[in-house]
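S.K.: no sequence on hand, only this structure:
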């Protein structure tokens, strides 16, 4: 009879332990998983999702002189036609020895890396005011997706997040209008990855 009593006590103890663990787990808050998808959580500032613009970077290594930036603008962001594009970037980009080649900046219709090129009259890089101005031969029509394709960029010496802001002007505008921001993770690739 003592063997039955021992087994009964053991099973009762296991049942009570399982009930206690289940109760504790149901009361604890859910913990986030290790793998997360999406753009992530920005705690201090950041660009509202409605103004965040998509991009692709290639040869994105520190000090790379062959970096390619494909800065995309969805047609939904282009409420009016544009004849001039103005891209401003943080001073840290050039302070860390980043540089642009204005001869290798193009504007292309479409998505991804772009399609047909939109003719450009002139590209002016103004390092003192951290701006690139692109004067177009033909206007980009309203509701048209396009890509600012930049090649031959010299990436800064070290990794950083750089916000490139886009403004556009239509012919006859007095002030440029804000289109959106590319939050670029520049010089991110390392040899260890």
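M.R.: Structure received. Here the structure is a predicted model, which is why all the values come from computation and not from measurement.
S.K.: in what helix or strand does the closest residue to residue 100 other than its chain neighbours lie?
M.R.: Closest residue to residue 100 apart from its sequence neighbours, by C-beta to C-beta, 6 or more residues apart in numbering: residue 125 at 5.3 Å. For glycine as for every other residue, the C-beta is placed from the backbone atoms N, C-alpha and C. Using DSSP states H and E, residue 125 maps to strand 120-126.
S.K.: that strand - what's its average pLDDT?
M.R.: Taken as a whole, strand 120-126 has a mean pLDDT of 95.
S.K.: count of residues packed around residue 152?
M.R.: 15 (other C-beta atoms under 10 Å).
S.K.: in this protein, which spans are strands?
M.R.: 55-58, 67-73, 82-88, 105-109, 117-118, 120-126, 131-140, 146-153, 160-169, 177-186 (DSSP state E).
S.K.: can you add distance to residue 99 and give those back as CSV?
M.R.: Below are those laid out as CSV (distance: least, C-beta to C-beta, whole Å):
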stretch, distance to residue 99
strand 55-58, 16
strand 67-73, 10
strand 82-88, 14
strand 105-109, 12
strand 117-118, 23
strand 120-126, 9
strand 131-140, 11
strand 146-153, 7
strand 160-169, 13
strand 177-186, 12
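S.K.: nearest to residue 96, of these?
M.R.: strand 160-169 (7.1 Å; C-beta to C-beta).
S.K.: what's the closest one in contact with?
M.R.: 47, 53, 71, 73, 78, 80, 82-90, 92-93, 96, 140, 148, 156, 175-187 (C-beta atoms under 8 Å, 6 or more residues apart in numbering).
S.K.: buried ones only from those, please, as a ChimeraX command.
M.R.: Selecting only the buried entries of those in ChimeraX, with 16 or more other C-beta atoms under 10 Å as the criterion:
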select :53,71,73,78,82,83,84,85,86,87,88,89,90,93,96,140,148,156,176,179,180,181,182,184,186,187
